[in-house]
Each structure stands twice: as structure tokens, then as C-alpha cells.
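1. give me the fold of what follows.
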Amino acid sequence: MWRRNMLTLLGAGMLAVVSACSDDTGPEPERFTAALNGVNERPNPVTTTATGTATFTVRGSTVDFTITAANLSDATAAHIHGPASASQTAGVLVTLFSQAPPGVDITSGTLSSGAFPSGSYTLATGITLDSVLVLLRNGQAYVNVHNVANPAGHIRGQLAQN
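-> A predicted model of the protein is given here:
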């Protein structure tokens with residue numbers, strides 16, 4: 001009886017130690033968001049009722065993203081651009097959506113979602129994920145959604161960490 005009680009106590013103690021040592025939570029993932037609208041377009045703001053939100057979550061060597069939109073017509077592309085402040089324009093870093101004209105209409109919902117880098121969502125030639133992450137962390141990247149009427153950009157938002 002004494003032996004069984006000791007084994008039970010030892011087993012319970014070992015379980016407590018193992019539970020205390022295991023940490024499945026890990027560090028919090030980095031998150032970035034951008035509010036997309038026509039007023040943010042540069043160099044020329046766009047008058048539109050279209051709006052959107054872009055969200056990004058860094059998970060190790062990939063970045064999950066979702067772009068939602070409302071009142072958006074004829075969308076043909078969406079990218080991360082940089083390096084640029086909110087008042088500047090810059091080249092494409094990551095392609096997040098591409099559709100041949102006439103594009104797609106989004107009354108309200110998801111324009112694109114996935115993870116990059118991947119076969120579907122690619123980094124521009126010569127761009128590394130590390131360099132994109134540095135620009136995101138420093139507020140030097142923006143999301144731009146292009147459409148048929150405004151091929152240079154219809155709605156835009158600067159990415160910020162949250």
C-alpha cells in the first residue's frame with residue numbers, strides 16, 4: 001500500500017513538473033493592419049465609396065493576410081508597396097491579388113486571403129521576407145487595391161503594427 005501511494009505521489013509530482021515546464025503559447029504573433037480608402041491614395045486621392053481593411057499576421061517564415069472590401073468595383077490587383085510613408089508612392093513588394101479586367105466586384109466581403117511567400121502570393125524579384133517585415137515594422141509599407149477605373153490605385157492604407 002505504501003509503495004502504491006509513493007508511486008502515485010511521484011507520478012503526480014512528475015506530471016506537475018512537466019506541465020510547468022511546457023509552454024505551448026510561445027511569443028505573440030506580430031499583427032499589422034491598414035484601413036483602406038480613396039482619400040489615402042497618392043499622389044492623387046480618389047473620390048469613392050469603396051473602403052477596406054487589410055490584416056497581416058506574421059507566423060514564423062510566412063505572413064497570413066486577409067483583405068476585405070466594401071463597395072469595390074472592378075478590382076484588378078492588390079499589393080504591398082514600399083518603402084514609403086503615407087504621403088509617398090513606391091514599387092510593389094508583394095502581390096496579394098491579381099485579376100484580369102474587368103476585375104471583380106465586392107459589395108462587402110473578402111477580396112483576397114492567404115499566406116506569403118507562396119506560389120500564389122509572391123514577393124517581387126530581389127525582395128526578401130525579412131526586408132518586407134522591416135518595412136512593416138517601421139511603418140514604411142502600404143496596401144493598395146487597384147481597379148479598372150484607377151489602375152494606379154483605388155483604395156490605399158498605410159500598414160501599422162497593432
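2. who's in contact with the residue most central in space within the chain?
-> Geometric centre of the chain, nearest residue: F56, 2.1 Å, by Cα atoms, centre = their mean. F56 is in contact with 31-33, 63-65, 136, 159, counting by Cβ atoms under 8 Å, 6 or more residues apart in numbering. From N, CA and C alone the C-beta is placed, and that goes for glycine too.
3. before we move on, what about H79?
-> Shown in contact with H79 (Cβ under 8 Å, 6+ apart): 92-96, 143-144, 146.
4. and what about the closest residue to T53 other than its chain neighbours, helix, strand or coil?
-> Distance criterion Cβ to Cβ, 6 or more residues apart in numbering; nearest residue to T53, sequence neighbours excluded, is T68 at 5.2 Å. Using DSSP: H, G, I helix; E, B strand; the rest coil, the secondary structure recorded for T68 is strand.
5. T68 - how many residues pack around it?
-> Neighbour count for T68, taken as other Cβ atoms under 10 Å: 18.
6. wait, it touches G109, no?
-> Yes: using Cβ atoms under 8 Å, T68 is in contact with G109, at 6.4 Å.
7. just the buried ones from the contacts of F56?
-> The neighbour-count criterion (16 or more other Cβ atoms under 10 Å) marks 32-33, 63, 65, 136, 159 among the contacts of F56 as buried.
8. out of the residues you listed, which is nearest to N40?
-> Proximity of the buried ones among the contacts of F56 to N40 (Cβ to Cβ) peaks at L159, which lies at 11.5 Å.
9. what secondary structure does the residue nearest to Q88 when sequence neighbours are not counted sit in?
-> Closest residue to Q88 apart from its sequence neighbours, by Cβ to Cβ, 6+ apart: R42 at 6.6 Å. Per three-state DSSP, the secondary structure class of R42 is coil.
10. distance of R42 relative to A100?
-> 25 Å (Cβ to Cβ, to the nearest Å).
11. which one's more surrounded, the two?
-> Taking neighbours as other Cβ under 10 Å, R42 and A100 compare with R42 leading, 17 against 7.
12. residue contacts, the more buried one?
-> By Cβ under 8 Å, 6+ apart, the contact list for R42 reads 86-89, 153, 156.
13. if we go to 7 Å?
-> Neighbouring residues of R42 by Cβ atoms under 7 Å, 6 or more residues apart in numbering: 87-89.
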